[in-house]
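Q: Model the following, please.
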Amino acid sequence: MHKAIPPRLVEPYLTGRRSIISGYVYLAADSSFLYPAEFYDACGLGYEGSDFTPDMDQLYLLRWRTVGTEPLQVAGQAASMQWAAAPAAWGAPAHVLAITEFYTEPVPVPVGTEIFRIQSGQADFIARYDGQVWLSPAEGI
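A: Residues are numbered from 1 along each chain as shown. Sure, this is the predicted structure:
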């Protein structure tokens with residue numbers, strides 16, 4: 001799964017001041033874009049109060065593997081619906097391939113979650129969560 005996060009949230013994750021994932025998330029297979037504007041369009045990141053803009057030069061992704069016990073639901077569906085296929089994302093611009101949007105209630109950051117920086121056509125690995133702390137490549141990942 002992927003969750004776009006603005007640059008201001010990276011440091012709170014890396015220092016342990018933020019330890020949950022919640023809100024709208026996407027299948028990595030559906031949302032492996034390499035430009036922030038692609039995420040902005042396809043994932044509807046222009047909502048009211050958003051930190052994201054269509055012209056931002058970078059954004060960050062939390063990426064993790066899901067397990068069947070995570071409380072994901074298709075956005076806009078009944079709370080009991082989990083892991084179901086849904087129509088394309090609601091409200092996506094017509095020129096963008098719409099992707100399924102899921103919603104998750106707050107859950108602890110899963111072991112193995114990674115943070116990537118998306119900018120200029122590339123995804124740069126930042127760190128991986130080992131269950132206790134975030135480890136960066138300089139720390140032996």
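
Q: looking at it, Thr113 is touching Tyr60, isn't it?
A: No - Thr113 is beyond contact range of Tyr60, at 12.0 Å (criterion: C-beta atoms under 8 Å). Yep, even glycine has a C-beta here, placed from its N, CA and C like the rest.

Q: and stretch 45-59, which residues are buried?
A: The neighbour-count check on stretch 45-59 (16 or more other C-beta atoms under 10 Å) flags 45, 52, 56, 59 as buried.

Q: And the last one, how far from Thr15?
A: Distance from Leu59 to Thr15, counting by C-beta to C-beta, to the nearest Å: 19 Å.

Q: Repeat that for the first one.
A: Here the criterion is C-beta to C-beta. By it, Leu45 lies 24 Å from Thr15.

Q: all helices for the protein, in order.
A: Secondary structure of the chain, counting by DSSP state H: helices at 10-14, 36-42.

Q: Can you tell me which of the ones you listed is nearest to Pro108?
A: helix 10-14 (12.1 Å; C-beta to C-beta).

Q: Excluding its own residues, what touches that closest one? List them.
A: When contacts are defined by C-beta atoms under 8 Å, 6 or more residues apart in numbering, helix 10-14 is touched by residues 5, 18-19, 60, 62, 109, 115, 126-127, 134.

Q: Quick one: the strands in the chain, in order.
A: Secondary structure of the chain, counting by DSSP state E: strands at 2-5, 20-25, 59-63, 72-74, 102-108, 114-119, 122-129, 134-135.

Q: Please name whichever of these is nearest to Phe39.
A: Smallest distance to Phe39 across the strands of the chain (C-beta to C-beta): 5.2 Å, for strand 2-5.

Q: re the thing from before, mean pLDDT lowest for which of the strands of the chain?
A: For the strands of the chain, the weakest mean pLDDT is recorded on strand 72-74, namely a mean of 57.

Q: State the distance from Val107 to Thr53.
A: For Val107, the distance to Thr53 - C-beta to C-beta - is 28 Å.
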